[in-house]
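Asks: Any chance you can model this:
(one chain, ligands or ions: 1)
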Amino acid sequence: MTQAANSVRDGFTTSFGVLVATLGSAVGLGNIWKFPSLTGSNGGAGFLLVYLLATLLVGLPVMIAETMLGRAARANAVSTFERVAPRRQWWWPVIGWMGFAAALLILSFYSEVAGWVYAYIFKALAGELATTDPQVAGAIFAGLVADPLASLGWQWLVLGVTGSIVMLGVAKGIEAVTRKLMPLLFILLLVLCARSLSLPGAAQGLSFLFSPDLAKITPAVLLTALGLAFFKLSIGMGCMLTYGSYFRDNQNIPATATRVMFADLSVSLLAGMAIFPAVFAFGFEPAAGPSLVFMTIPAVFTAMPGGTVFMSIFFILTAIASVGAMLSLLEVPVAILAERYALGRKRASLYTILAVAVLGAPAALSSSLTSEIKLFGMNPFELFDFLSSNILLPLGGILICVFVGWVYGLPEMTRQLGNHGELRNQRLIRLVFFLIRYVAPLSIAAVLLHGLKIF
Ligand code: TRP
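Replies: Residues are numbered from 1 along each chain as shown. Okay, the predicted model is just below:
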């Protein structure tokens, strides 16, 4: 039955295709925009250590569980739960609809940050970012975000580019593009690291990144790290589930997920190694927060020999990373619309892009026209980030864990993850099951309560 479904349904064609597409989803602005700024503002190595634990104990098991559900059902995030849930428990597909909403919300602000990155490629190439003063760099950034037309225009460009790729399909669009982009991304990242590490004074940045100061690990740091692990691995909203539905029948899911996790981690570390040594070598502030990329980085690069070239490489690389991640975000609603409403892939993609353009406009205009519109003290950009990252992702994560750990069960999980007896990985599956049933849902519950400021 899966065989027949496979031949009509689009999907990844090779094992390498599965790997690069999934890695393309995990690697994104999260590695280059969120990871360094959160590491910088949460004290460096201690944060990194907690993030590693969160990724291993929670992130990886949830990623495996999600991918497994998708491949078992070979359907979008909503229909998957209709197929795998027990008949009378009709409420499980709600997880898929939450994912639908989360995808649109994340895309709304993610496409705007990606838009700034695209804009910065051109600014870097034109030499407009050539200043060693973070203050001046800050003013340039403020100028960009305060311009309503530029903000919308860059966002629409990003949506147009990624939307056209998704329209082409899973194999001919997503897989074909990530196959070319991911290797390029690694090459550019290595070039940047070599440059940054060869600067005098780089050692201080490395020690900031690699020698933990355990006193800095507060409960808040713990929870921030767990949230980042979710965002990084694209879990909690059916994204990995949707990609899992395109996996090949004989794909080793635990092995693939582990590889993706390690590769994603390497990208974050390489990005950290490219950024922090340079930040320290030129005496900048590592705790600059979300502005680190757009304000500190131009100044850091301008201060080094060959700066314009390396700055351009940096923003091109970031743009590439954002593409793979956005394709996976778009695929969640596109698959739901295309499969459930028989819309066809082109129309489903078009509707999704239009929805994001509408919902994304207030986010894009958050530093201009909509800056005064506040809910719970947040402008639309911050609100969308908060709603998705702090509420929908953790909630979805808990529900997926509860479903797999308490409803789906170990015997079925063993069949699915062991590829119906083909793989001899029962011990590993039992460990993953234990994490999914107890460890992950409880730790995620802590993140959620923190996100809602309940404690
Ligand atoms: N993981 C991507 C990043 O780090 C972002 C992303 C893609 C994502 N798909 C997702 C985040 C699904 C949450 C859920 O940039």
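Asks: Next SSE downstream of the helix or strand hosting Ser111?
Replies: Using DSSP states H and E, the element containing Ser111 is helix 94-125. Next helix or strand after helix 94-125 toward the C-terminus (DSSP H and E): helix 134-145.
Asks: pLDDT (mean, whole number) over that following helix?
Replies: Average pLDDT, helix 134-145: 87.
Asks: Now do that helix against helix 94-125, angle only.
Replies: 120 degrees (axes from the mean of the first three to the mean of the last three C-alpha atoms, to 10 degrees).
Asks: ok, and what's touching the next helix or strand after helix 134-145?
Replies: Using DSSP H and E, the next helix or strand after helix 134-145 towards the C-terminus is helix 148-167. The contact list for helix 148-167 (C-beta atoms under 8 Å, 6 or more residues apart in numbering) reads 111-112, 114-116, 118-119, 144-145, 173-174, 177, 322-323, 326-327, 330-331, 334, 345-346, 349-350, 352-353, 356-357, 360-361, 364-365, 367-369. Backbone N, C-alpha and C define where each C-beta goes, glycine included.
Asks: from those, which would you call buried?
Replies: Neighbour counting by 16 or more other C-beta atoms under 10 Å classes 111-112, 114-116, 118-119, 144-145, 173-174, 177, 322-323, 326-327, 330-331, 334, 345, 349-350, 352-353, 356-357, 360-361, 364-365, 367 among the contacts of helix 148-167 as buried.
Asks: looking at this protein, which helix or strand does the model trust least?
Replies: helix 2-8 (a mean of 49; mean pLDDT, DSSP states H and E).
Asks: and Glu175, how many residues sit next to it?
Replies: Residues contacting Glu175 under the criterion other C-beta atoms under 10 Å number 24.
Asks: which residues touch it?
Replies: Per C-beta under 8 Å, 6+ apart, neighbours of Glu175: Phe12, Thr13, Thr14, Gly17, Val20, Ala21.
Asks: so how far is Leu327 from it?
Replies: Applying C-beta to C-beta, to the nearest Å, the value for Glu175 to Leu327 is 10 Å.
Asks: ok, now Met98?
Replies: From Met98 to Leu327 the distance is 21 Å (C-beta to C-beta).
Asks: Same question for Val404.
Replies: 25 Å.
Asks: re the thing from before, overlap in contacts of Glu175 and Leu327?
Replies: Between them, Glu175 and Leu327 share the contacting residues Ala21, judged by C-beta under 8 Å, 6+ apart.
Asks: For the stretch 151-300 of the chain, what lies in contact range of the ligand?
Replies: Applying C-beta under 6 Å from any ligand atom, one finds that the stretch 151-300 of the chain approaches the ligand through Phe231, Lys232, Ser234, Met237, Cys239.
Asks: Any chance of TSV for these, columns secondary structure and neighbour count?
Replies: Listed next are these as TSV, based on DSSP: H, G, I helix; E, B strand; the rest coil; neighbours: other C-beta atoms under 10 Å:
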residue	secondary structure	neighbour count
Phe231	helix	23
Lys232	helix	25
Ser234	coil	31
Met237	coil	30
Cys239	helix	30
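Asks: so which two of those residues are the farthest from each other?
Replies: Lys232 and Met237 (13.2 Å; C-beta to C-beta).
Asks: Which ones among the buried ones among the contacts of helix 148-167 lie within strands?
Replies: Per DSSP state E, strands hold no members of the buried ones among the contacts of helix 148-167.
Asks: give me the number of residues near the one residue in the stretch 51-200 of the chain that gets nearest to the ligand?
Replies: Scanning the stretch 51-200 of the chain for the residue nearest the ligand gives Ile106, at 5.6 Å (criterion: C-beta to the nearest ligand atom). Applying other C-beta under 10 Å, we find 26 residues neighbouring Ile106.
Asks: of all of the stretch 351-455 of the chain, which residue lies closest to the ligand?
Replies: Closest residue of the stretch 351-455 of the chain to the ligand, C-beta to the nearest ligand atom: Leu393 (6.0 Å).
Asks: Per-residue pLDDT of that residue, please?
Replies: You'll see Leu393 listed with a pLDDT of 91.
Asks: and the angle from the helix or strand hosting it to helix 94-125?
Replies: Here Leu393 sits within helix 393-402, counting by DSSP H and E. Angle of helix 393-402 versus helix 94-125, following the same axes, to 10 degrees, is 140 degrees.
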